[in-house]
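Chemist: Make a model of this:
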Amino acid sequence: MNANDTWDLVKLPKGRKGNTNKWVYKIKIMDAKPNYKVRLVAKGYAQNEDIDFQEVFSPMVKMTTLCVLFAFMAALDLELFQMDVLTAFLHGDLDKELYVKQPEGYAIPEKDHLVCKLKRSLYGLKSVV
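Modeler: Numbers count the residues shown, from 1 in each chain. The predicted model follows:
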């Protein structure tokens, strides 16, 4: 999260509330060797309904967009390259001011009163009043 510059620690503005979050742990078995995964997930289900409540910040490409892109590529005789981007979800910039409480185990003792102002998206995030 720090390497991706996901948030800044700030004082929570008056009239705003910080969303809660939790760590999700998963073990994937690949070639009989366990691979440990962890991610920080915003508890979007705990939010109050507001203007953008139905808007979930998880950018996905629609299949029709891909079909149009492939048609242009075929018509213009362009080449296609596939890339695997780790944590691609975290590279999406936010256009709203969203705050989450500091994750468990992350809080710095002298800064435990601050919240995280998000610069990048988190899984499960909806807008916060």
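
Chemist: Phe70: what secondary structure?
Modeler: Applying DSSP: H, G, I helix; E, B strand; the rest coil to Phe70 yields a three-state assignment of helix.

Chemist: distance of it from Gln82?
Modeler: Phe70 sits 13 Å away from Gln82 when distances are taken as CB to CB, to the nearest Å. From N, CA and C alone the C-beta is placed, and that goes for glycine too.

Chemist: the more surrounded of the two?
Modeler: Phe70 (12 against 4; other CB atoms under 10 Å).

Chemist: how much space between the closest residue in space to the more buried one that isn't next to it in sequence and Cys67?
Modeler: Closest residue to Phe70 apart from its sequence neighbours, by CB to CB, 6 or more residues apart in numbering: Leu80 at 7.7 Å. For Leu80, the distance to Cys67 equals 13 Å [CB to CB].

Chemist: Need the residues touching each of the two.
Modeler: Contact criterion CB atoms under 8 Å, 6 or more residues apart in numbering; residues shared by Leu80 and Cys67: none found.

Chemist: which stretches of the chain form strands?
Modeler: With strands called from DSSP state E, the chain shows them at 7-10, 21-30, 33-42, 99-100, 115-118.

Chemist: so can I have JSON lines of those strands showing mean pLDDT?
Modeler: Shown next, in JSON lines, are the strands of the chain (pLDDT from 0 to 100):
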{"stretch": "strand 7-10", "mean pLDDT": "90"}
{"stretch": "strand 21-30", "mean pLDDT": "89"}
{"stretch": "strand 33-42", "mean pLDDT": "86"}
{"stretch": "strand 99-100", "mean pLDDT": "86"}
{"stretch": "strand 115-118", "mean pLDDT": "88"}
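
Chemist: Kind regards, and thank you for your time.
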